[in-house]
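Colleague: this one's sequence-less:
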DNA sequence: CACGAGACCTGTTCGC
DNA sequence: TGCGAACAGGTCTCGT
């Protein structure tokens, strides 16, 4: 489910609810959800921590605590949300953090919880002192100032990889997923199988612009919501190629094709996106 | 180094 | 209607 825009949307929504509250206790309902440390250590270390900030790096939700950093990766089906009031855990809840009650005089003493729900159990949570332990190997943040056309061009030249798998590689660029990669390549009129070192300066410029534009549009529309996973986004109504097999390309009207590249469904306009040219 | 296949999981949709 | 196959927003690890 969640790529950069969806994770950004979730982090923005959680921030005002979480900052300033403290964690009372943790309830781990699926042990493999915890990547590090051990369950015992995790529960001991997180209890009493105050939430200082909530942000995002790549596809990780980053929750800064008084002495630790909590990272959550939603992978394919994860979601993070606030649940108020005492209720039984949901079917796919994997981790529940009890928070100090809201100070509001109208809802005095009401239980507030941060719930990590994850149907497919691929999601992971880390509690560390040093953030580098989790996010140290990531490539540039695509919407940051360090990510320039020149950086993209040089990095593309320095390897010989198919464009799509390279853009999905989080060590190359952090935050792109299957949807936004297909959309960006289409916008830049580049074929997903084109070799990275075959891309010229103009094409790198177009790709840089497309990546930023597509991600910003995704954020503006609060992400994309397909089927039962993740709700609230609107970007699915504006896909140009993703999930649009056999439907017309919005640019030229040619039927969109679906390929499989690196075991991922990949959508292209066979007319707009050609390997040579 | 680049790339493909298999794992990890559950749920929904598709094809016969 | 039933039932197995294919597929899903991600990433890791192994073998070639």
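Modeller: Structure's in. What do you need? Bear in mind that the values here come from a model prediction, so they are computed numbers and not experimental data.
Colleague: enumerate the residues of the stretch 101-250 of chain A near DNA strand B.
Modeller: Counting by Cβ under 7 Å from any atom of the strand, the residues of the stretch 101-250 of chain A lying close to DNA strand B are A:119-122, A:159-162, A:165-166, A:195, A:227-228. (C-beta placed from N, C-alpha, C; glycine too.)
Colleague: try 10 Å this time
Modeller: A:118-122, A:158-166, A:169, A:171-172, A:193, A:195-197, A:226-229 (Cβ under 10 Å from any atom of the strand).
Colleague: got a quick PyMOL command for the buried subset of these?
Modeller: Buried subset of those, written as a PyMOL selection, criterion 16 or more other Cβ atoms under 10 Å:
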select buried, chain A and resi 118+119+161+162+163+164+165+166+172+193+196+229
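Colleague: can you flag which of the residues of the stretch 101-250 of chain A next to DNA strand B belong to strands?
Modeller: residue A:118 (DSSP state E).
Colleague: just the residues of the stretch 101-250 of chain A next to DNA strand B that are near DNA strand C?
Modeller: Checking those against DNA strand C (Cβ under 10 Å from any atom of the strand), the matches are A:119-122, A:165, A:169, A:171, A:226-229.
Colleague: out of these, which two sit at the greatest distance?
Modeller: Within these, A:171 and A:228 form the most distant pair, 30.9 Å apart (Cβ to Cβ).
Colleague: thinking again about what came up before, so which of the residues of the stretch 101-250 of chain A next to DNA strand B belong to helices?
Modeller: Among these, DSSP state H puts A:163-166 in helices.
Colleague: columns distance to residue A:64 and pLDDT on top of the residues you listed, output as TSV?
Modeller: Shown next, in TSV, are these (distance: Cβ to Cβ, whole Å; pLDDT from 0 to 100):
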residue	distance to residue A:64	pLDDT
A:163	35	98
A:164	33	98
A:165	32	98
A:166	31	98
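Colleague: DNA strand B: which of those is nearest?
Modeller: The closest of those to DNA strand B turns out to be residue A:165 (Cβ to the nearest atom of the strand; 5.6 Å).
Colleague: the closest residue in space to that closest one that isn't next to it in sequence: neighbour count?
Modeller: Nearest non-adjacent residue to residue A:165, counting by Cβ to Cβ, 6 or more residues apart in numbering: residue A:262, 4.3 Å away. Residues lying near residue A:262 (other Cβ atoms under 10 Å) number 14.
Colleague: show me the contacts for the residue of chain A at minimum distance from DNA strand C.
Modeller: With Cβ to the nearest atom of the strand, the shortest gap between chain A and DNA strand C falls at residue A:177, namely 2.0 Å. Neighbouring residues of residue A:177 by Cβ atoms under 8 Å, 6 or more residues apart in numbering: A:2-4, A:59, A:168.
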